[in-house]
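Novice: Okay, here's the prediction I keep looking at, along with the sequence it came from:
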Amino acid sequence: MDSVILLLGITLMYSTPLIFGALGGVVSERSGVTNIGIEGMMVVGAMAAAAVSYFTGNPWLGFLAAGVCSGVVALLHAIASVSFAADQTVSGVAINLLAPGLALFACRFLFDGALMSPVVPKIPKIFGESWMTGHAISNLNVNWSTVIALLLTVVVWFVLYRTKWGLRVRAVGEHPAAADMLGINVYRVRYACVIISGIFAGFGGASMTTGIISQFTQTAISGHGFIAMAAVIFGKWTPFGAYGACILFGATQALTVLLGGGVTPIPSQILAMLPYAMTIVVLVLFVGKSVAPKADGVPYIKGSR
């Protein structure tokens with residue numbers, strides 16, 4: 001029982017940053033804008049959360065600051081891909097190259113040339129150390145960002161499928177010209193969705209540095225943004241589908257942790273590859289079966305058909 005609880009706790013812990021990033025991908029791509037820059041935005045969010053948490057002593061302020069900073073980075077992607085109709089993949093790759101350098105520069109500037117931040121305050125756990133001491137569930141090492149990720153998944157689903165604005169988002173992502181003819185401002189909707197995706201990605205970065213590792217490092221994110229994008233595809237561009245995919249990837253990471261430490265004959269290098277190998281396998285098996293929004297990745301020029 002204890003091992004099952006431990007596996008569940010580690011799964012939820014490592015899936016939380018992925019869930020935030022995947023939700024950002026769902027929102028952006030549902031509006032027709034591919035956001036390959038989720039990885040870079042998560043890095044910026046991770047650094048912003050660590051810095052603000054350290055100087056204020058409040059991880060929740062760091063969490064919010066991460067969303068704001070990553071939202072600003074997402075605005076750059078929106079300007080390039082929506083206003084200037086630039087290639088969205090190229091713009092996202094540029095952000096992935098620029099953002100880590102910017103985050104590292106900020107880290108060295110704020111922390112006397114250090115390549116990592118000091119230890120920062122962590123988001124509180126759901127089950128405190130004194131809660132049911134000795135009970136198996138007290139080992140469920142999950143903080144409140146995990147709950148926020150679940151609630152945000154429900155909110156995104158509700159907004160996309162049960163509100164007028166969500167209908168507009170999906171219409172813009174499927175056929176922007178028709179949406180434009182009906183009076184929907186395609187540019188405004190896409191700007192909003194891309195910025196929201198950046199905010200969510202920032203929350204993902206924050207949940208890593210203030211919820212798991214307690215500091216910013218150059219490898220804090222290390223591909224989690226790309227895994228989140230794979231979860232979007234595996235989840236067929238739906239909030240709950242992406243959530244389930246992130247749980248799967250989180251379970252793979254949990255197995256890596258539990259099987260590590262020299263307790264198995266499997267080399268540590270092979271174990272470290274498991275989450276990324278799972279991502280490749282999922283993409284190979286499911287990318288051809290998943291159908292993206294029709295206008296995803298296609299810049300919209302007013303008056304075009």
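Specialist: Nice, thanks for sending it over.

Novice: For Asp180, report the pLDDT, please.
Specialist: For Asp180, the pLDDT comes out at 92.

Novice: can I assume it sits in a helix?
Specialist: Yes - assigned with DSSP: H, G, I helix; E, B strand; the rest coil, Asp180 falls within a helix.

Novice: Let's see stretch 60-78 as PDB, backbone CA atoms only.
Specialist: Below are the C-alpha coordinates for stretch 60-78, written out as PDB (Å, rounded to 0.1, in the frame of the first residue of the first chain):
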ATOM      1  CA  TRP A  60       2.400  32.100  -4.200                       C
ATOM      2  CA  LEU A  61       3.700  35.500  -5.300                       C
ATOM      3  CA  GLY A  62       6.300  33.700  -7.200                       C
ATOM      4  CA  PHE A  63       3.700  31.500  -8.800                       C
ATOM      5  CA  LEU A  64       1.700  34.500 -10.000                       C
ATOM      6  CA  ALA A  65       4.900  36.400 -11.100                       C
ATOM      7  CA  ALA A  66       5.800  33.300 -13.200                       C
ATOM      8  CA  GLY A  67       2.400  33.600 -15.100                       C
ATOM      9  CA  VAL A  68       2.900  37.300 -15.700                       C
ATOM     10  CA  CYS A  69       6.500  37.000 -17.000                       C
ATOM     11  CA  SER A  70       5.700  34.000 -19.300                       C
ATOM     12  CA  GLY A  71       2.600  35.900 -20.500                       C
ATOM     13  CA  VAL A  72       4.800  38.700 -21.600                       C
ATOM     14  CA  VAL A  73       7.000  36.200 -23.500                       C
ATOM     15  CA  ALA A  74       3.900  34.700 -25.100                       C
ATOM     16  CA  LEU A  75       2.900  38.200 -26.200                       C
ATOM     17  CA  LEU A  76       6.100  38.300 -28.400                       C
ATOM     18  CA  HIS A  77       5.000  35.100 -30.000                       C
ATOM     19  CA  ALA A  78       1.500  36.500 -30.600                       C
END
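
Novice: Check the offset of the helix or strand where Ile5 lies from the chain's centre.
Specialist: Using DSSP states H and E, Ile5 sits in helix 2-30. Here helix 2-30 is found 9 Å from its chain centre; the criterion is Cα atoms, centre = their mean, to the nearest Å.

Novice: Now do the buried residues in it.
Specialist: If you call a residue buried by 16 or more other Cβ atoms under 10 Å, then helix 2-30 has these buried ones: 5-6, 8-30. Heads up, the C-betas are built off the backbone N, CA and C, glycines and all.
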